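> With the input below, show me the fold.
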Amino acid sequence: MNRGPIVLTIDEAEYLLDQLPPPSKDGDILITKLRENLEILLTELRKVSVIVVGPLDCNCVIVGNTENGEAVVVDPGGDVQEILDEAERMNVQIKKIYHTHAHFDHFLATAQLQSATGATTHLHQQDQFLWDRLADQCRLIGLTLSSDQIPAPPDILQIGQEPITLGTTQIGTVLHTPGHSPGSSSYYFPELGVVCTGDTLFRDSIGRTDLWKASFTTLQESVLSKLYTLPDDVKVIPGHGPATTVGREKMYNMFVRDVVDKGVSKLADRCAGCEAVKGLEARL
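Have a look, this model is predicted:
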């Protein structure tokens, strides 16, 4: 029976590596190959990690540069010690903290994480009004903050298209993807084939647009112009829930209508008079 691929954590891969005999010129070729593969796997695991944190299960992403041992964190939405522990397992030091937007559940641990690491904080300038109202946001849902959860103003205010760097190496790009909030941003890491979309794009869905200064039309435009223009095989890590790919969402996400409508039109052109297509057009 096919049980699918075996997935290892960093701890498990390190444990297995420790159990192998030390490398030697006359060692077993299978053991040598296994060691090489485990070392490659560890390198990949140390590049990007997703942990679910905070009261609303926010996907916090750690992206590491294995060349210099530095990392950026995207959306530390709570559970600061879990984030620090994961960075330690990845063998990286957190240097920068990026935020897809400034709704409370995406930066509840920012102040504590900055205090523990000295990392700089980054946010789009149009979401600073939300950042400044963190305590008010939390009060609306009955959540009380401790004094060490109140962050200082962001160190860097973004406008979009900035490079994301660790040391002298550019590892990604800031994409301004407003709609869920005015300053919503996505972070694209091309070498990893990953984009962190926050609450702009989910698997089979999109973020809410009934919140402060949100816009459904603007969100759709952001997805179409900034996210759906990325390669289809790029992995989408949303702010909550399971990962997906750009190609999958272009195919199945019914909330971004332009792609669906164009697809139906093309199908109708190729299958003129087909009753099934007529029915689909009617429902849309």
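> Below-threshold pLDDT in the stretch 151-284 of the chain: ranges please.
When residues are selected by pLDDT under 70, those of the stretch 151-284 of the chain lie in 258-284.
> Please, where are all the helices along the chain?
For the chain, the helices defined by DSSP state H cover 10-19, 29-45, 80-90, 110-117, 128-131, 134-140, 216-222, 246-252, 257-270, 275-283.
> Quick check: buried residues in the third one?
Same thing as helix 80-90. Judged by neighbour count (16 or more other Cβ atoms under 10 Å), helix 80-90 contains these buried residues: 80, 82-84, 86-87, 89-90. C-beta here means a position set from N, CA and C on the backbone, and glycine is covered the same way.
> Which of those residues sits closest to Thr177?
Distance to Thr177, by Cβ to Cβ, is smallest for Ile83 among these, at 23.6 Å.
> Count the neighbours of the residue nearest to the closest one when sequence neighbours are not counted for me.
Here the nearest residue to Ile83 in space, its sequence neighbours aside, is Pro76; by Cβ to Cβ, 6 or more residues apart in numbering that works out to 5.6 Å. Using other Cβ atoms under 10 Å, the number of residues around Pro76 comes to 32.
> try Val174
19.
> With the flanking residues excluded, which residue is spatially nearest to it?
Once chain neighbours are set aside, the closest to Val174 by Cβ to Cβ, 6+ apart is Glu162, at 4.5 Å.
> Kindly check the end-to-end length of stretch 198-208 for me.
11 Å (Cα to Cα, to the nearest Å).
> Of all the residues in that stretch, which ones are buried?
Of the residues in stretch 198-208, those buried under the neighbour-count criterion (16+ other Cβ under 10 Å) are 198-203, 205-207.
> so how far is Asp155 from the closest residue to Gln137 other than its chain neighbours?
Once its chain neighbours are removed from consideration, Gln137 has its nearest residue in Phe104; the separation is 4.1 Å (Cβ to Cβ, 6+ apart). Relative to Asp155, Phe104 is positioned 19 Å away (Cβ to Cβ, to the nearest Å).
> mind listing the strands for the stretch 51-200 of the chain?
58-65, 70-74, 93-98, 120-124, 156-158, 163-166, 169-176, 185-189, 194-198 (DSSP state E, counting those that start in this stretch).
> Would you format the ones you listed as a markdown table with distance to Thr110 included?
Output for the strands of the stretch 51-200 of the chain, formatted as a markdown table (distance: least, Cβ to Cβ, whole Å):
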| stretch | distance to Thr110 |
| --- | --- |
| strand 58-65 | 11 |
| strand 70-74 | 9 |
| strand 93-98 | 6 |
| strand 120-124 | 6 |
| strand 156-158 | 13 |
| strand 163-166 | 17 |
| strand 169-176 | 17 |
| strand 185-189 | 15 |
| strand 194-198 | 14 |
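> among the ones you listed, which is nearest Leu38?
For Leu38, the closest of these is strand 58-65, at 17.7 Å, according to Cβ to Cβ.
> Report the angle between that closest one and strand 70-74.
Calculated by axes from the mean of the first three to the mean of the last three Cα atoms, to 10 degrees, strand 58-65 forms an angle of 160 degrees with strand 70-74.
> wait, what's in contact with Val52?
58-60 (Cβ atoms under 8 Å, 6 or more residues apart in numbering).
> Which pLDDT value belongs to it?
On the pLDDT scale, Val52 is placed at 96.
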